[in-house]
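Colleague: Starting from these lines, generate the structure:
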Amino acid sequence: MSEEGGLEANSRATTVRPETATAMGGFHHMNGEAIPSSPKSLRSQERFSVDQQTMRGFDGGVPIHHVLSARTPSMPVLQRQNSWDLDNYFSGPLDPSKHSKFPFFMRLHGSILPKLLVPLVFVTVWSAGIVMISEYGHSLAVDPLLLTVLGFVVALALSFRSTTAYERYNDGRKYWALLTLHARQLAHVIWIYGKERPGELEKEDILGKVSAINLIFAFAQACKHRLRHEIEYDYTDLKPLIDNLDTFAKRARDVDPDAITHNKQLEIKKQSSWGEILGISFMTSNPKKVYKVAAREGRHHGNLPYEIIWYIGQYIKGCQEQGTFESTIMHGQVYNAFNNMMDAYGGCDRVLQTPLPLAYNIAISQITWLYVLVLPFQLFAKLGWVTIPGTIVAAYIILGLAAIGREIEDPFGSDVNDLDLDRYCQSLQYDLNVMTSRPGYTKPKEWMATESNKPLWPYSVSGYNSWKSRSVEEIRQALAGKVSHQANVVRDEMFRSGEREEKKSNGDV
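Modeller: Numbers count the residues shown, from 1 in each chain. Below is the predicted model:
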């Protein structure tokens, strides 16, 4: 079902068109006027990204048409819980917020079964043909000894395929985790240790730090699009962050297809995505085709993540020249986080650009298919007509393991089991917003010298001010008492646990 069809199926659901309503934070912006949102409308907006909701400027001008990525819905729709969009059901990555009550062996979403339907139909016809010829004509049965020999080879091939594929998947997750870790670290150092000069310069420093932190988040977003072979810059979740930068991708926008044309082509691609869902190779598009088309048309988009990192470096250099980074230790922290963030992106790019050698892929595919096609000849002598379901089961296991390896080999794509880079970026954005919601520096006494602060808990529930009124000797005695207190608590807990175990063994419980 196409996205357009999904709209028709959910025509009764509430829709928000970018031309008529936008939202940012807790307000609707219509024709440039800020109107407080109701709690119900806020719950509805949680389904959309902020960038999708702010499709119209504050001046009430012409609606902005953003370029959509393969993972961006072209129209925000509040779908009913009982609706079932097949296009979204068989595309990914998985939504961790959704919980299935079915056991794993009954689940279809996330399963490799859709990509095995066509191969299993072919195997069924093939095995049925071999059985019918052997049953009603000349017997085609062979010695089952070949089954043992070939089975060992197939096991080795599948083991190698699964190991290398999961290693790439795991490396992709590790590198992306490092990227977000160092992005948070760099943003933390900039926000906390970047000096805010008094007077009119304070506003410039605050806005400058926020702009730099936005570029750090934009770097993660640009890496996400780059790893998905999305080379333009004016995506809904990226353009507002880097529209002020001079980049190769921005210069290429003048000769790129316009947003409306691009989005229509994307819809056509989504409608024909069933070839990819069913794993039919000649109906699967080449994700790297965009590079060939751009090169043929003379369009050069550069490397957007590295261009963004250049601007972040310029900001850091400017801070050093202005003296807003005073500590030499902080200089080292900034450069370490800066370089490690670049290294993490380089690791992700290495995973993307270094797939399993083609010779291995071809050989493993040929070995598995040869084994499955020879299987009916070896099973017929002992199983007869049961050869058909037996071959189907064996083909599902063997071809399924090979298909899983192919799916997770590129962990940054849009398959169901790929890494959810959109969710990771949203988590990073939320953490950065939480950090910048507070001033970069507050006096510790403002939050420390209160009765709510219980420095000696659980030994004492007295607050900070209560202990401040006591002598130093009493405070030190209490600190020593915390050790004995914890030891007594642990001992009592072990004693109670032993009593419970003894009662269970005696049948008293």
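
Colleague: Please make it C-alpha for all contacts and neighbour counts, starting now.
Modeller: Fine.

Colleague: Distance from the helix or strand where Tyr396 lies to the middle of the chain?
Modeller: According to DSSP states H and E, Tyr396 maps onto helix 387-408. Relative to its parent chain, helix 387-408 has a centroid offset of 28 Å by CA atoms, centre = their mean, to the nearest Å.

Colleague: What are the buried residues along it?
Modeller: Within helix 387-408, the residues scored as buried using 16 or more other CA atoms under 10 Å are 387-388, 390-392, 395-396, 398-408.

Colleague: and that helix, what other elements does it pack with?
Modeller: Applying 3 or more CA pairs under 8 Å, 6 or more residues apart in numbering; DSSP states H and E, we find helix 387-408 packed against helix 113-136, helix 145-193, helix 358-383.

Colleague: who's in contact with it?
Modeller: 112-113, 115-116, 120, 123-124, 127-128, 131, 158, 161-162, 165-166, 168-169, 365, 368-369, 372, 375-376, 379-380, 415, 417-418 (CA atoms under 8 Å, 6 or more residues apart in numbering).

Colleague: pull the CA atoms of the next helix or strand after that helix into PDB?
Modeller: Helices and strands here follow DSSP H and E; after helix 387-408, the next one along the chain is helix 421-436. C-alpha atoms of helix 421-436 as PDB (Å, rounded to 0.1, in the frame of the first residue of the first chain):
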ATOM      1  CA  LEU A 421      19.500   6.400  13.200                       C
ATOM      2  CA  ASP A 422      16.500   8.700  13.300                       C
ATOM      3  CA  ARG A 423      15.800   7.700  16.900                       C
ATOM      4  CA  TYR A 424      19.400   8.000  17.900                       C
ATOM      5  CA  CYS A 425      19.500  11.600  16.400                       C
ATOM      6  CA  GLN A 426      16.300  12.500  18.200                       C
ATOM      7  CA  SER A 427      17.800  11.200  21.500                       C
ATOM      8  CA  LEU A 428      20.900  13.300  20.900                       C
ATOM      9  CA  GLN A 429      18.800  16.400  20.100                       C
ATOM     10  CA  TYR A 430      16.800  15.900  23.300                       C
ATOM     11  CA  ASP A 431      19.900  15.600  25.400                       C
ATOM     12  CA  LEU A 432      21.400  18.800  23.900                       C
ATOM     13  CA  ASN A 433      18.100  20.700  24.500                       C
ATOM     14  CA  VAL A 434      18.000  19.500  28.100                       C
ATOM     15  CA  MET A 435      21.500  20.700  28.600                       C
ATOM     16  CA  THR A 436      21.000  24.100  27.100                       C
END
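
Colleague: Quick one: mean pLDDT over helix 421-436.
Modeller: When pLDDT is averaged along helix 421-436, the result is 93.

Colleague: Show me what secondary structure element comes after that helix.
Modeller: Next along the chain after helix 421-436, taking DSSP H and E as the criterion, comes helix 445-448.

Colleague: Residues touching the helix or strand following that next one, excluding its own?
Modeller: Counting by DSSP H and E, the next helix or strand C-terminal to helix 445-448 is helix 464-468. For helix 464-468, contacts defined as CA under 8 Å, 6+ apart pick out Met448, Ala449, Thr450, Glu451, Ser452, Asn453, Lys454, Pro455, Ile475.

Colleague: Pull the number of nearby residues for the residue nearest to the third one when sequence neighbours are not counted.
Modeller: Right, Thr450. Using CA to CA, 6 or more residues apart in numbering and skipping residues adjacent in sequence, the residue nearest Thr450 is Tyr464, 5.8 Å away. By other CA atoms under 10 Å, 17 other residues sit near Tyr464.

Colleague: Over to Lys468?
Modeller: Other residues lying near Lys468 total 11 when counted by other CA under 10 Å.

Colleague: Lys239 now?
Modeller: Neighbour count of Lys239, defined by other CA under 10 Å: 20.

Colleague: Quick check on it: phi, psi?
Modeller: Main-chain torsions, Lys239, degrees, to the nearest 10: phi -60, psi -50.

Colleague: Contact partners for it?
Modeller: By CA under 8 Å, 6+ apart, the contact list for Lys239 reads Tyr233.

Colleague: now it: how far from Asn339?
Modeller: 24 Å (CA to CA, to the nearest Å).

Colleague: do Thr354 as well
Modeller: Remark: distance between Thr354 and Asn339 (CA to CA) = 22 Å.

Colleague: Same check on Tyr459?
Modeller: Counting by CA to CA - Tyr459 and Asn339 are separated by 44 Å.

Colleague: more neighbours, the two?
Modeller: Set side by side, Tyr459 and Asn339 show more neighbours around Tyr459, with 16 against 12, by other CA under 10 Å.
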